[in-house]
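Visitor: Any chance you could fold what I've pasted below:
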Amino acid sequence: MGTLPAALGPVTELVGRELEAAMLRERLRDPLVRLVTVTGRAGVGKSRLALEVVREIGGEFGRVEVRDAGAPDTPSALADLAALPALPAHVEGRQESGRVLLLLDGCDHEARPGAAGALEALAGDPRVVVLATAVEPLGVYGELLLPLNPLPVPGPVRGGTAAADPHELQEVASVALFVRRARAADPAFALTPENAGAVAEICTLLDGLPLAVELAARRLRLLPPHLLPVRLRDRTTVLSGGPANAPGRHRSLAALAEWSCRGLDAPARALLERLSVYEPGFGLSAAGLSAEPAVDTLMDRGLLVVVGEERGELRLAVSEPVRSAARDALAEAGGEDAARDAHAERYRTLVGSAQAGLRGTGQEQLLRELAAEGANVTAALRWLRERGDAEAAAALVLGCRLPWLVQGRLREGLEWCDELAGEGGPALPDAVRARLADLSGAFALALGDPQEAVRRHRHALALGKGVGDRRQNALVSAHLGAALLEAGDPPGARAVLVTAHNALEAMGVTGGAAGAAASLAGVLRAEGDRRRAQELLDRAVEALRRSRDGRGLAGALRREAALALDGDEPARADGALREALRLYGSVGERTELPALLEEFSLLLMRTAPAQRPRTVRLLAAADTLRAATGAAVQDEWRSAAERARTDLGARLDWTDFALAWAEGVRMTASEAVAEALSAPAPSRRASAGPAPEDQSLTPRQVQVALLVSEGMTNRQIAARLDISEWTVVNHVRQVMRRLGCSSRVQVAGAVGRWA
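Guide: Numbers count the residues shown, from 1 in each chain. Predicted coordinates for the structure are as follows:
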């Protein structure tokens, strides 16, 4: 058994590296392995991992060598190792004892070419096993790589308002490392509900980079946890104070950043500085990087890292502390303003070009892309405000209407509208101020304040009268009508919506007319005129399907479900709500999803009593997701949800209820949608005969099918049943789909078999 060299130094505690250490041990023990290179950006802990693994298994080798690749004596030592005399194949019955384990640390920058050449010479000797550490692969034949990433960081706090849970955070590796190093600096330190949020933010700001986390923990001698994130938000390079016996690059993040960028050519350095003004999570195309040859160079060096993926496109970030150092260099060179101008213009273009597709076929993809780029859109908006370009800022806010409503960024959107269009704000044309006032009304309504929404929409109409934009005024009137309906004023809503709907239809504004029709259907339902409400809703649904406005269609389907429940058709309501759930899930909806989950939960209680635990989970998820948006809920609906919770609590064992509620609280939006869609569909009600029931037709659809079998046209059926022709078209399509027919002749044949 070999003797470990003193160069290994004192034992170092590894935190969050159990898997990587196990993988490295197994590779080094493999008799066929000659070279393993641990790769990763500076400060990630490559050397520490390698040293600790060598300490653990070094005794299994006949000889262990530890060398610094950049040391002056390393080339001669490697040459001596390459000229090793023949070693005995077996010593004390152990084949491995004849092998040599070489740890070559820091094969970077100037040391890289020499290290690669020496390792190529050693690669042919079956007695020598090399463990190297480097920022990027050495490119030697037979090299096995073990990439080392920063430690995981905490995710966002669920619910938006709840405090971070110290017990959950302690399970996150970066937080666990921070706590251990903080206790070394201050033995009295403990992770508590009061400081847990600050610690989570610190670890996130530092990207989970172990060296940065350790330096931050040392700062607790000087700053309390809640003040440390404030210091780090602008520049992480303020951190310093590493051990005196550590390499110079490990004593401060500024030194680490400088060392990381050493040797970059001019194009790569210029690109790095340009990208330093981008918030983490930008896409290749959004940043204009699709044809940049320097991207691969920066990624190989760990200076540009992948932080996610959205619809097949990588999401990137400039790693900390390199990003902070690059921004400092950019500012010193006088280029920061130009870089931020270019960044803002790129995102203005991105949002502007998305407008045409947001209400049509490209809605799903565009909404998800804009959500992924949300931090950069906000950064562009802040820069436009800072430099005083109010009109450009207003145009960007208006372009974010649908994305922010979908993402649940309601309070933020309202504040931007008020800042730009409120009293004391910048001078803007009345047309722009009118559109901002209208948008602020949409945010107020989504936040659960219909009275305030009515006030804002009326202000928008007053501003728009002098502008003379008939289309915009008609859209504002439609929004006002929807707010009046939510405020409990159906007659007022009807008066506004009828005019708006007619105007929008006359101007060919399909999406706006469909939205007004859906709202007007809600008014007619409130007044008890279900037949006309259904006719209007059928037309709206058909128009929204044609335009591929998924979010608008989901809203109309929710109204269709309400009408179905009024008519005691739970199966039809279930189908409409499930389709709405799928549509909301596809676009990443956050604002309207909580109410839809509650509507589905109440229906599930009625149709599937055995699904009570699932219903509890969905109600809990709805509560949590709504809290994240900051929206309130009307008293009537809140009472219905509270009654449901009370009933479920009474019918379930307390432990089962609490467990189901806790599971729902932890659900993401996509998980809640999947949970709802996995519920069993309700059984269909019996109808006129056994065959129609088996084929899942509603009574109205049976009537339509019978008249189709008599050879009647859609117009004749509409006159016979006193419904609109649009409604007949929709029913015929449903009949054909549910009966598996492709023509009216086949429908007639299926009806004939019922007899």
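
Visitor: the longest helix in the chain is where?
Guide: helix 336-358 (DSSP state H).

Visitor: Tell me which residues of it come out buried.
Guide: Judged by neighbour count using 16 or more other C-beta atoms under 10 Å, the buried positions of helix 336-358 are 336, 339-341, 343-344, 346-348, 350-351, 354, 358. Glycine gets a C-beta too; all of them are placed from N, C-alpha and C.

Visitor: Quick check: Glu675 touching Ala620?
Guide: No - with contact defined as C-beta atoms under 8 Å, Glu675 does not count as touching Ala620 (10.5 Å).

Visitor: more neighbours, these two?
Guide: Taking other C-beta atoms under 10 Å, Glu675 and Ala620 do not tie; Ala620 has more neighbours (23 against 19).

Visitor: Which helix or strand contains the more buried one?
Guide: helix 612-629 (DSSP states H and E).

Visitor: quick revisit: list the residues that contact both of Glu675 and Ala620?
Guide: Met667 (C-beta atoms under 8 Å, 6 or more residues apart in numbering).

Visitor: isn't Leu101 right up against Arg55?
Guide: No - with contact defined as C-beta under 8 Å, Leu101 does not reach Arg55; the gap is 11.0 Å.

Visitor: just to revisit the earlier point, which other helices and strands contact the helix holding Ala620?
Guide: Counting contacts by 3 or more C-beta pairs under 8 Å, 6 or more residues apart in numbering; DSSP states H and E, helix 612-629 is packed against helix 593-607, helix 635-651, helix 654-665, helix 669-677.

Visitor: chain center to it: distance?
Guide: Chain-centre distance of helix 612-629: 19 Å, with C-alpha atoms, centre = their mean, to the nearest Å.

Visitor: With only the CA atoms kept, save it in CSV.
Guide: Extracted in CSV, the C-alpha atoms of helix 612-629 (Å, rounded to 0.1, in the frame of the first residue of the first chain):
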residue,chain,number,x,y,z
ARG,A,612,-61.4,14.4,-2.5
PRO,A,613,-57.5,14.3,-1.8
ARG,A,614,-57.0,15.4,-5.4
THR,A,615,-59.5,18.2,-5.0
VAL,A,616,-57.7,19.4,-1.8
ARG,A,617,-54.4,19.5,-3.7
LEU,A,618,-55.9,21.5,-6.5
LEU,A,619,-57.5,24.0,-4.1
ALA,A,620,-54.2,24.4,-2.3
ALA,A,621,-52.3,24.9,-5.6
ALA,A,622,-54.8,27.5,-6.6
ASP,A,623,-54.3,29.4,-3.4
THR,A,624,-50.6,29.3,-3.7
LEU,A,625,-50.4,30.3,-7.3
ARG,A,626,-52.9,33.2,-6.8
ALA,A,627,-50.7,34.5,-3.9
ALA,A,628,-47.8,34.6,-6.2
THR,A,629,-49.6,37.1,-8.5
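
Visitor: And the residue lying closest to Ser252 once chain neighbours are set aside, how close does it get to Ser174?
Guide: Excluding the flanking residues, the one nearest Ser252 by C-beta to C-beta, 6 or more residues apart in numbering is Ser240, at 3.5 Å. Distance of Ser240 to Ser174, given as C-beta to C-beta, to the nearest Å: 20 Å.

Visitor: who's more crowded, the two?
Guide: Taking neighbours as other C-beta under 10 Å, Ser240 and Ser174 compare with Ser174 leading, 27 against 14.

Visitor: So for Leu101 and Arg55, which sits in the more crowded spot?
Guide: Under the neighbour definition other C-beta under 10 Å, Leu101 and Arg55 were set side by side, and Leu101 has more, 24 against 16.

Visitor: and that one, which of the three is it?
Guide: Taking DSSP: H, G, I helix; E, B strand; the rest coil as the rule, one finds Leu101 in the strand state.

Visitor: ok, it - contacts?
Guide: Gly2, Leu28, Val54, Ile57, Gly58, Phe61, Arg63, Val64, Glu65, Val129, Leu131.

Visitor: Export these as JSON lines, with columns for neighbour count.
Guide: Shown next, in JSON lines, are these (neighbours: other C-beta atoms under 10 Å):
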{"residue": "Gly2", "neighbour count": "17"}
{"residue": "Leu28", "neighbour count": "24"}
{"residue": "Val54", "neighbour count": "26"}
{"residue": "Ile57", "neighbour count": "16"}
{"residue": "Gly58", "neighbour count": "22"}
{"residue": "Phe61", "neighbour count": "25"}
{"residue": "Arg63", "neighbour count": "19"}
{"residue": "Val64", "neighbour count": "22"}
{"residue": "Glu65", "neighbour count": "20"}
{"residue": "Val129", "neighbour count": "23"}
{"residue": "Leu131", "neighbour count": "24"}
